[in-house]
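> curious how this folds, go ahead:
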Amino acid sequence: MSCVPPSLQIFNSTSGPVLESLGDRGCAQNPKHYSFMAVMSLIATSMLVQVSHLIKLGLMVLVVTATGAVNIYSWRDIFDLYDYIQFASYR
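Numbering: from 1, shown residues only. You can find the predicted model right below:
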């Protein structure tokens, strides 16, 4: 979570929305990468052969809960900005 979501300002004019301080776009460039890391950790958890199924289940629930909380509370603006950038041609 080392990136700060860039600011998005929308002006009510015919020129449409104006994006500010995107620069290199940082995390907004590819936020899916961080979700893929969570999927890879779930796959790695399922590969553990020396632990019981209850420990695997607990680890998977922990990963899913933590990833969901981070995506909802911390990355909401970054995912919104990513969608706005990727699908600007459809507006």
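> all contacts plus neighbour counts: C-alpha atoms, from now on.
Will do.
> for this structure, what helix or strand is lowest in average pLDDT?
strand 18-19 (a mean of 49; mean pLDDT, DSSP states H and E).
> contacting residues around the helix or strand following that strand?
Reading on from strand 18-19 to the C-terminus, the next helix or strand found by DSSP states H and E is helix 32-46. The contact list for helix 32-46, computed with C-alpha atoms under 8 Å, 6 or more residues apart in numbering, reads 56, 59-60, 63-64, 67.
> also stretch 59-72?
So stretch 59-72 is contacted by 35, 38, 41-42, 45 (C-alpha under 8 Å, 6+ apart).
> filter the residues you listed down to the buried ones.
When the contacts of stretch 59-72 are checked for burial by 16 or more other C-alpha atoms under 10 Å, the buried set is 38, 42, 45.
> if we only consider those, which is nearest to Asp83?
Set against Asp83, the nearest of these by C-alpha to C-alpha is Ala38 (20.0 Å).
> now do Leu22, the pLDDT please.
With respect to pLDDT, Leu22 scores 46.
> so where's this structure shaky on pLDDT?
1-31 (pLDDT under 70).
> assign Gln50 to helix, strand or coil.
coil (DSSP: H, G, I helix; E, B strand; the rest coil).
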